[in-house]
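Visitor: sequence and predicted structure, then a few things I'm wondering about:
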Amino acid sequence: MKKRKSKKIWFIILFLLIALGILIAIYFKAWNIFIKTKPELIIINDECSVLFNQILHKIKDSSGCENICLSECRVREKEYYDSNLIISETACHTCECYCK
């Protein structure tokens with residue numbers, strides 16, 4: 001009779017440990033490690049204006065593009081992955097953001 005009780009207790013302990021492991025995996029979103037997702041491309045157009053025959057850009061360099069991408073990814077509740085600034089001499093720049 002003691003063997004049956006000890007087997008039941010071990011079974012309950014094992015079940016609780018498995019349930020705890022599943023809850024921890026859900027809480028920390030551990031399955032994202034195994035899922036390979038492509039980064040989402042978000043294109044942000046520069047707001048520019050012409051002053052004295054020169055184009056003034058709001059996004060001037062790659063660090064400005066990166067900062068805007070960080071903000072955009074946070075707003076979409078995604079993780080920042082990469083950014084790319086496409087410079088145009090005759091028009092507004094384009095900032096490509098990649099979020100996961």
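Guide: The structure has been received and is ready for your questions.

Visitor: could you break this protein into its assigned domains?
Guide: 1-36, 38-100 (automatic domain parsing).

Visitor: just the endpoints, please. Distance across stretch 26-39?
Guide: 22 Å (C-alpha to C-alpha, to the nearest Å).

Visitor: show the average pLDDT along that stretch.
Guide: For stretch 26-39, mean pLDDT rounds to 74.

Visitor: centroid residue for the protein?
Guide: E79 (1.5 Å; C-alpha atoms, centre = their mean).

Visitor: mind jotting down where the strands sit in this structure?
Guide: 40-45, 48-51, 54-57, 80-86, 94-99 (DSSP state E).

Visitor: rank the ones you listed by pLDDT, which is bottom?
Guide: strand 54-57 (a mean of 72).

Visitor: if we can go back for a sec, most tightly packed of the domains of the chain?
Guide: Ranked by average neighbour count under the criterion mean count of other C-beta atoms under 10 Å, the domains of the chain are headed by domain 38-100 at a mean of 14. Backbone N, C-alpha and C define where each C-beta goes, glycine included.

Visitor: show me what contacts R76?
Guide: 40, 42, 99 (C-beta atoms under 8 Å, 6 or more residues apart in numbering).

Visitor: related to what we said a few turns ago, dump the strands of the chain to TSV, plus distance to W10.
Guide: TSV is the format used below for those (distance: least, C-beta to C-beta, whole Å):
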stretch	distance to W10
strand 40-45	47
strand 48-51	70
strand 54-57	68
strand 80-86	45
strand 94-99	46
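
Visitor: any idea which of the ones you listed gets closest to S63?
Guide: When the strands of the chain are compared by C-beta to C-beta, strand 80-86 sits nearest S63, at 9.1 Å.

Visitor: so which elements touch that closest one?
Guide: helix 62-75, strand 94-99 (3 or more C-beta pairs under 8 Å, 6 or more residues apart in numbering; DSSP states H and E).

Visitor: possible to save these as TSV with distance to L51?
Guide: Below are these laid out as TSV (distance: least, C-beta to C-beta, whole Å):
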stretch	distance to L51
helix 62-75	18
strand 94-99	20
